[in-house]
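Undergrad: pasted the sequence and its predicted model underneath.
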2 protein chains.
Amino acid sequence: MISVSIIGSGNVATHLFKAFTKTKSVTVKQWFSRDISKISSYKNDVDVIDDFSKLTEADIYIIAVSDDAIPEVSEALPFENRLVVHTSGSVSLYKLDKKNRRGVFYPLQTFSKEAKVDFKTIPLCIETIGKKDYPLLKSLAEALGSSSHKINGDQRKALHLAAVFVNNFSNQMYRIAHEITEMEGVEFDILKPLILETAKKVQDLSPYMAQTGPAKRNDNKTIKRHLKQLESEEHKTIYSLLTESIKKTHGTSILRRSSEQASSVTKTIET
Amino acid sequence: MISVSIIGSGNVATHLFKAFTKTKSVTVKQWFSRDISKISSYKNDVDVIDDFSKLTEADIYIIAVSDDAIPEVSEALPFENRLVVHTSGSVSLYKLDKKNRRGVFYPLQTFSKEAKVDFKTIPLCIETIGKKDYPLLKSLAEALGSSSHKINGDQRKALHLAAVFVNNFSNQMYRIAHEITEMEGVEFDILKPLILETAKKVQDLSPYMAQTGPAKRNDNKTIKRHLKQLESEEHKTIYSLLTESIKKTHGTSILRRSSEQASSVTKTIET
């Protein structure tokens, strides 16, 4: 049995608490929040506290608070040489106070308060300083049914940044599509299956292989018509920039094309 | 029983053929391709032809060829007053030769040759000139198990443009994420569940409501760090532009903020 204590009362803390209580191999000893009213509804399930000095022994202490508060909270812990982890994608492991053994237990997923979370589909990125602390965190991930990934700090930061692209920026593409369809009084719902299929496609194919559309096939007639059709200057700028980006990726931008043409000329001369 | 003849041998034509042959209420009478070798493997299942003059009577003729070829193909049809539709998202209905009754039967989905297609999940956008032709196309969509949507030409063009954002541009976000993770030698696979969850989230929530991340919460410290972290100038430009777009959408850009502050000042004065 792995015993954990959770510090923090936000989305990640709450989802972790709920998920741990459902496992057979993890027990949540204590749940700390500075504002105890936020977690007092769980007082029958766990020892809820708002005073660091009340923290008792546990195998792992999970600090799931806002990025800025991590150093301060880790300093406030009234013990030494125990395993303390944070759950942030972007905060260095070394921001944790060095009086304890340190690690990161970063679930790469988007958490909202309402939505149900299935940890079986959430990759857990694990980082530790001491090699011997890694297996325990791996077991903790496994207890949740999650896949676990041993990564270093730079890799975690790369994932956190990449997540902004696949999550926030893709979602903004959906938002712009919503604005475009709304302007013509057509239901955004019609696009939902395409949104899902686009995400499903890259589960098996690389994004490079999955790409289609006017930019990839260098269909400048359609691109021009789309640009004319867009009413918002902001949407036009985004359309142009991302079209250019796809063209660059797929070697259909003018630059690449002329070098391709040059090489085909060379070939013709050679034969 | 609805009888259709298909003209063209690309992805849409092939997927439609396969889907129709699986239904009980649609029969494919003939399949035309200029290059008969492309469809000759189906000759035991359907009358394959490469000569327009061989086209016999059918309830609906479906022209599923490249956008540019639609006018020419519709002119070449050796009959009049029959129902002829194309399947393009961006070509006007009026590009079909007016000697026949005209319509559009546009499946809004991304088609690739290999991937299996389930028409039950594909919305069919239908447009006709004659009101009386609409019910037959609606029945054709229903026979495939698809949802059908009556839309006009401008609405179809809006959907086609919006589809570039949700499909091509989102996919480019995945591609950039792939480049970022590869640079640090971390598996792109770790991001796949997040990609899927992002698409699933907007099946129930609006993209506006689904948004999270540093741009939405105006977390300029993280934004700055991300920009510093990005090595490619192109990625930096895209990051900045889309961050600004999200800030605008959610009223966290400097402009909106100052007007919000102004209105809160007004409120303070009023109370």
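TA: Okay, I see it. Numbering: from 1, shown residues only, chains lettered A, B, ... in the order given.
Undergrad: dump stretch A:24-38 to CSV, keeping only the CA atoms.
TA: Taking Å, rounded to 0.1, in the frame of the first residue of the first chain, the C-alpha atoms of stretch A:24-38 are listed here in CSV:
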residue,chain,number,x,y,z
LYS,A,24,-6.8,-0.6,-4.0
SER,A,25,-3.1,0.1,-3.6
VAL,A,26,-3.1,3.8,-2.7
THR,A,27,-4.4,5.4,0.5
VAL,A,28,-4.8,9.1,0.9
LYS,A,29,-3.7,9.8,4.5
GLN,A,30,-4.3,13.6,4.6
TRP,A,31,-5.5,16.4,2.4
PHE,A,32,-4.3,19.9,3.1
SER,A,33,-5.7,23.2,2.0
ARG,A,34,-4.9,26.6,3.3
ASP,A,35,-8.7,27.3,2.9
ILE,A,36,-10.1,24.2,4.6
SER,A,37,-13.7,25.1,3.5
LYS,A,38,-12.7,24.0,0.0
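Undergrad: which residues sit against it?
TA: A:1-9, A:13, A:17, A:20-21, A:39, A:42, A:46-50, A:52, A:54-56, A:58, A:139-140, A:143-144 (C-beta atoms under 8 Å, 6 or more residues apart in numbering or on different chains). C-beta coordinates here come from the backbone N, C-alpha and C atoms, glycine included.
Undergrad: and it, what's buried?
TA: A:26, A:28, A:29, A:30, A:31, A:32, A:33, A:38 (16 or more other C-beta atoms under 10 Å in any protein chain shown).
Undergrad: before we move on, what about stretch A:76-91?
TA: So for stretch A:76-91, counting by 16+ other C-beta under 10 Å, buried means A:77, A:82, A:83, A:84, A:85, A:86, A:87, A:88, A:89, A:90, A:91.
Undergrad: quote the end-to-end distance of that stretch.
TA: 18 Å (C-alpha to C-alpha, to the nearest Å).
Undergrad: returning to that earlier point: which of the buried residues of stretch A:24-38 fall within helices?
TA: Residues of those located in helices (DSSP state H): none.
Undergrad: re the thing from before, select only the buried ones of the contacts of stretch A:24-38 in PyMOL?
TA: PyMOL command restricting those to the buried ones, with burial defined by 16+ other C-beta under 10 Å:
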select buried, chain A and resi 2+4+5+6+7+8+9+13+17+20+39+42+46+48+49+50+55+58+140+143+144
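Undergrad: tell me which of the contacts of stretch A:24-38 fall in helices.
TA: Per DSSP H, those map to helices at A:13, A:17, A:20, A:21, A:139, A:140, A:143.
Undergrad: greatest separation within those: which pair is it?
TA: Greatest spatial distance in those: A:13 and A:139, 20.0 Å, computed using C-beta to C-beta.
Undergrad: let me see the domain layout of chain A.
TA: Per automatic domain parsing, the structural domains of chain A span A:2-151, A:157-259.
Undergrad: could you dump these into JSON lines with distance to residue B:99 and mean pLDDT added?
TA: As requested, the domains of chain A are exported to JSON lines (distance: least, C-beta to C-beta, whole Å; pLDDT from 0 to 100):
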{"stretch": "domain A:2-151", "distance to residue B:99": "54", "mean pLDDT": "95"}
{"stretch": "domain A:157-259", "distance to residue B:99": "26", "mean pLDDT": "93"}
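Undergrad: out of the ones you listed, flag the one nearest residue B:163.
TA: domain A:157-259 (5.9 Å).
Undergrad: and that closest one, how far out from the chain middle?
TA: 21 Å (C-alpha atoms, centre = their mean, to the nearest Å).
Undergrad: nearest to residue B:176, out of the domains of chain A?
TA: Of all those, domain A:157-259 comes closest under C-beta to C-beta, at 5.1 Å.
Undergrad: flag every residue of the stretch 1-150 of chain A that's near chain B.
TA: A:67, A:90, A:108, A:109, A:110, A:112, A:115, A:121, A:122, A:123, A:125, A:149 (C-beta under 8 Å from any C-beta of the partner chain).
Undergrad: buried ones from those residues, can you make that a ChimeraX selection?
TA: Command for ChimeraX that selects the buried part of the residues of the stretch 1-150 of chain A next to chain B, burial taken from 16+ other C-beta under 10 Å:
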select /A:90,108,109,110,122,123,125,149
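Undergrad: state the pair within the residues of the stretch 1-150 of chain A next to chain B that is farthest apart.
TA: Most distant of those, by C-beta to C-beta, are A:67 and A:121, 24.1 Å apart.
Undergrad: quick revisit: list the ones among the contacts of stretch A:24-38 that fall in strands.
TA: A:2, A:3, A:4, A:5, A:6, A:7, A:47, A:48, A:49 (DSSP state E).
Undergrad: let me have the residues you listed in a markdown table, adding distance to residue B:165 as columns.
TA: Output for the ones in strands among the contacts of stretch A:24-38, formatted as a markdown table (distance: C-beta to C-beta, whole Å):
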| residue | distance to residue B:165 |
| --- | --- |
| A:2 | 45 |
| A:3 | 48 |
| A:4 | 42 |
| A:5 | 45 |
| A:6 | 39 |
| A:7 | 41 |
| A:47 | 49 |
| A:48 | 45 |
| A:49 | 48 |
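Undergrad: and which of the buried residues of stretch A:76-91 is nearest chain B?
TA: The closest of those to chain B turns out to be residue A:90 (C-beta to the nearest C-beta; 6.4 Å).
Undergrad: identify the residues contacting the closest one.
TA: A:67, A:156, A:157, A:160, B:222, B:225.
Undergrad: ok, now which ones touch the closest residue to the second one other than its chain neighbours?
TA: The spatially closest residue to residue A:156, leaving aside those adjacent along the chain, is residue A:125, at 5.6 Å (C-beta to C-beta, 6 or more residues apart in numbering or on different chains). With contact set as C-beta under 8 Å, 6+ apart, residue A:125 has these partners: A:89, A:104, A:106, A:107, A:108, A:148, A:149, A:151, A:155, A:156, A:159, B:190.
Undergrad: got a list of what the last one touches?
TA: Think residue B:190. Residue B:190 neighbours (C-beta under 8 Å, 6+ apart): A:108, A:123, A:125, A:149, A:159, B:181.
Undergrad: how about those residues in a markdown table, adding distance to residue A:201 and secondary structure?
TA: Shown next, in a markdown table, are those (distance: C-beta to C-beta, whole Å; DSSP: H, G, I helix; E, B strand; the rest coil):
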| residue | distance to residue A:201 | secondary structure |
| --- | --- | --- |
| A:108 | 20 | coil |
| A:123 | 19 | coil |
| A:125 | 24 | strand |
| A:149 | 23 | strand |
| A:159 | 21 | helix |
| B:181 | 18 | helix |
